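**Student:** Sequence unavailable; structure follows:
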């Protein structure tokens, strides 16, 4: 079952773009000069709902992590979390404006002048879109 969308099918004023044209996967960043940090483990990323939750921990307790900022969409990159629609937005009021999340997510930063983050959030939740993402990934032992 394809997801072929034709330009003539779009509402007036919309355009067909590649995801990388309106959002980017945030790169990792070293966190220094901070004692405590917001941590978002996989269990605090919702299966349903919009915003991820977090807990504040001493930065030295975080072994491996993915850097993300307020408003980023955390998209699970492992199975079965990806198929199950596990994703969440980093809360806007997160301490320091950033968090360290599980390495099992992609932190997607929407370009606000190009796409609405909530529209992108729900688009990424859409099963047909997820199937496209899964089909484009490769991996072993259940990690896609």
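**Tutor:** Yep, that arrived. Fair warning: this is a prediction, and the values are worked out from it, not measured in the lab.
**Student:** Return the residues in contact with the residue positioned nearest the centre of the chain.
**Tutor:** In the chain, the residue lying closest to the centroid (Cα atoms, centre = their mean) is residue 74, at 2.3 Å. By Cβ atoms under 8 Å, 6 or more residues apart in numbering, residue 74 lies in contact with 40, 45, 52, 68, 87-90, 101, 105-108. Every residue, glycine included, has its C-beta placed from N, CA and C.
**Student:** Can you list which of the residues you listed are found in strands?
**Tutor:** Among these, the ones falling in strands (DSSP state E) are 40, 68, 87, 88, 89, 101, 105, 106, 107, 108.
**Student:** Excluding sequence neighbours, find me the nearest residue to the fourth one.
**Tutor:** Read it as residue 88. Nearest in space to residue 88, with sequence neighbours left out and distances taken as Cβ to Cβ, 6 or more residues apart in numbering, is residue 52 at 3.3 Å.
**Student:** circling back: neighbouring strands - and their directions - for whichever strand or helix holds the residue nearest to the centre of the chain?
**Tutor:** Assigned by DSSP states H and E, residue 74 belongs to strand 73-76. With DSSP bridges as the test, strand 73-76 is paired with strand 87-89 (antiparallel), strand 105-110 (antiparallel).
**Student:** Of all these, which one is nearest residue 9?
**Tutor:** Residue 9 sits nearest to strand 105-110 of all the strands paired with strand 73-76, at 22.7 Å, using Cβ to Cβ.
**Student:** orientation of the very next helix or strand once past the closest one relative to strand 105-110 in degrees?
**Tutor:** Following strand 105-110 in sequence order, the next helix or strand is helix 117-125 (DSSP H and E). Interaxial angle, helix 117-125 versus strand 105-110 (axes from the mean of the first three to the mean of the last three Cα atoms, to 10 degrees): 140 degrees.
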